[in-house]
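Trainee: Sequence unavailable; structure follows:
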């Protein structure tokens, strides 16, 4: 067991405080947030540090903190990060804040971990991702780690405890599925 898993067990048993967890995970959460913020548009008001703090607050503010291991914790962190970014994109799109709710269709869905994504693109990806998550939950976890957190294929494979070859196949399948879904939504 690694230090994080030991700390999670100690917190669950009441032998440690939730605040003791932050020093163990801060650097990795900060790296993940920094990678994700590269996808955001220029002039973004949310900074990587603020994103890390918001993620940590959401993860630790609940009544039950029972993460089983490193994978479970960082999976929850990835989900929290995704939700925060989607909520922020939705807020920016609201009419009262100047958003025009115009959907911008993607010419090509390449959910690689480079380039900037507009608010409407993020919302379109999130909508398609929701359907994908229902059909392919394991593969959706890989997409969340790669796209919303910015992990490399190797890092995501290690986090999910799968081989790099499996991660590569899942990533290829997921991109194709999401591309097809988003192309289908253009004609609807």
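Mentor: Noted; the coordinates are in hand. These numbers were taken from a predicted model, which means no experiment stands behind them.

Trainee: State the mean pLDDT of the helix or strand that contains residue 129.
Mentor: If you go by DSSP states H and E, residue 129 is part of helix 119-135. Helix 119-135 comes out with an average pLDDT of 82.

Trainee: Could you check how far that helix is from the centre of its chain?
Mentor: Here helix 119-135 is found 12 Å from its chain centre; the criterion is C-alpha atoms, centre = their mean, to the nearest Å.

Trainee: buried sites along whichever helix or strand comes after it?
Mentor: Moving toward the C-terminus from helix 119-135, the next helix or strand (DSSP H and E) is helix 137-143. Neighbour-count burial for helix 137-143, with 16 or more other C-beta atoms under 10 Å as criterion, is recorded at 139, 140, 141, 142, 143. The C-beta positions use only the backbone N, C-alpha and C, and glycine is treated the same way.

Trainee: ok, so of those, who is nearest residue 56?
Mentor: Comparing the buried residues of helix 137-143 against residue 56 with C-beta to C-beta places residue 141 closest, at 20.2 Å.

Trainee: so the closest one touches residue 75, yeah?
Mentor: Yes: counting by C-beta atoms under 8 Å, residue 141 touches residue 75, with 6.2 Å between them.

Trainee: quick one: the strands in the protein?
Mentor: Using DSSP state E, the chain contains no strands.

Trainee: ranges for the helices of it?
Mentor: Counting by DSSP state H, the chain has helices at residues 3-13, 22-37, 48-60, 70-93, 119-135, 137-143, 153-160, 164-187.

Trainee: other SSEs contacting the fourth one?
Mentor: For helix 70-93, the packing partners by 3 or more C-beta pairs under 8 Å, 6 or more residues apart in numbering; DSSP states H and E come out as helix 3-13, helix 22-37, helix 48-60, helix 119-135, helix 153-160.
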